[in-house]
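Peer 1: Quick check, what structure comes out for this input:
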Amino acid sequence: MAKGPQYKVPHRRRREKKTDYKKRLELLKSGKPRAVVRESNNHMRVQLVLYNRKDDKTQASAFSGDLEEFGWEHHTGNLPAAYLTGFLAGKRALEEGLDEAVVDIGLQNNHHGSRIYSAIKGLVDAGMDINADGKAFPSEERCRGEHIEEFKNNGITENFEEVKSEIEG
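Peer 2: Sure thing, here's the model as predicted:
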């Protein structure tokens with residue numbers, strides 16, 4: 001006599017490839033805020049999120065589009081913009097009283113030297129205590145955009161320094 005299906009359907013967010021529940025549980029057990037870094041083709045988003053039993057609360061965040069308010073004149077989906085977005089999120093987090101976090105990159109690919117690690121380097125340089133290996137960070141020259149300056153000659157390194165000093169305020 002049949003008793004029903006012999007398989008288990010995964011949670012909806014897992015089926016949609018949005019949440020790895022096992023990894024999320026490990027991050028939540030630390031008791032620290034999560035530094036959530038998400039990238040798209042044209043933008044970066046960095047959020048510092050605190051766990052709440054009912055729902056998560058975003059304490060501080062930065063979006064790469066916010067850089068235009070500080071004078072950023074270039075594409076918001078490149079490595080220097082990712083660094084500055086992380087730096088801005090770190091400064092905003094310190095204003096909120098958050099000084100440490102664990103990194104949450106979700107289901108994104110983990111490539112050393114990528115925009116994700118550039119944003120995390122920005123958080124660290126802003127003064128936050130982050131659990132990330134420095135070997136994964138891109139070089140200082142790439143974070144400033146010298147690799148873009150070589151072939152475009154568009155003044156991105158000067159603009160980078162101006163925006164960074166503006167964020168430091």
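Peer 1: alpha carbons only for contacts and neighbour counts from here, please
Peer 2: Fine.
Peer 1: avg pLDDT for stretch 79-97?
Peer 2: Averaging pLDDT along stretch 79-97 yields 97.
Peer 1: the helices in the chain, which residues?
Peer 2: 12-15, 21-29, 79-95, 115-126, 140-144, 146-152, 156-168 (DSSP state H).
Peer 1: Put together a markdown table for those, with mean neighbour count and distance to Ile105 on each row.
Peer 2: Listed next are the helices of the chain as a markdown table, based on neighbours: other Cα atoms under 10 Å; distance: least, Cα to Cα, whole Å:
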| stretch | mean neighbour count | distance to Ile105 |
| --- | --- | --- |
| helix 12-15 | 11 | 15 |
| helix 21-29 | 12 | 10 |
| helix 79-95 | 27 | 13 |
| helix 115-126 | 26 | 8 |
| helix 140-144 | 18 | 19 |
| helix 146-152 | 13 | 25 |
| helix 156-168 | 17 | 24 |
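Peer 1: Which among the ones you listed is found nearest to Glu39?
Peer 2: Distance to Glu39, taken as Cα to Cα, is lowest for helix 115-126 among these, at 7.2 Å.
Peer 1: hey, C-alpha coordinates of that closest one in CSV?
Peer 2: In CSV, the C-alpha atoms belonging to helix 115-126 read as follows (Å, rounded to 0.1, in the frame of the first residue of the first chain):
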residue,chain,number,x,y,z
ARG,A,115,34.5,42.7,-6.5
ILE,A,116,33.1,40.9,-3.5
TYR,A,117,36.5,40.8,-1.8
SER,A,118,37.1,44.4,-2.9
ALA,A,119,34.0,45.5,-1.0
ILE,A,120,35.1,43.4,2.0
LYS,A,121,38.5,45.1,1.9
GLY,A,122,36.6,48.5,2.0
LEU,A,123,34.8,47.4,5.1
VAL,A,124,38.2,46.4,6.7
ASP,A,125,39.8,49.6,5.7
ALA,A,126,36.9,51.6,7.2
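Peer 1: and that helix, what does it pack onto?
Peer 2: strand 34-39, helix 79-95, strand 129-130 (3 or more Cα pairs under 8 Å, 6 or more residues apart in numbering; DSSP states H and E).
Peer 1: angle of it against helix 79-95?
Peer 2: 40 degrees (axes from the mean of the first three to the mean of the last three Cα atoms, to 10 degrees).
Peer 1: okay, Asn159: pLDDT?
Peer 2: 96.
Peer 1: low-scoring stretches of this protein, by residue?
Peer 2: 1-2 (pLDDT under 70).
Peer 1: Quick check: bridge partners of the residue nearest to the spatial centre of it?
Peer 2: Centroid-nearest residue in the chain, with Cα atoms, centre = their mean: Val37, separated by 2.7 Å. Per DSSP bridges, the residues bridged to Val37 are Val46.
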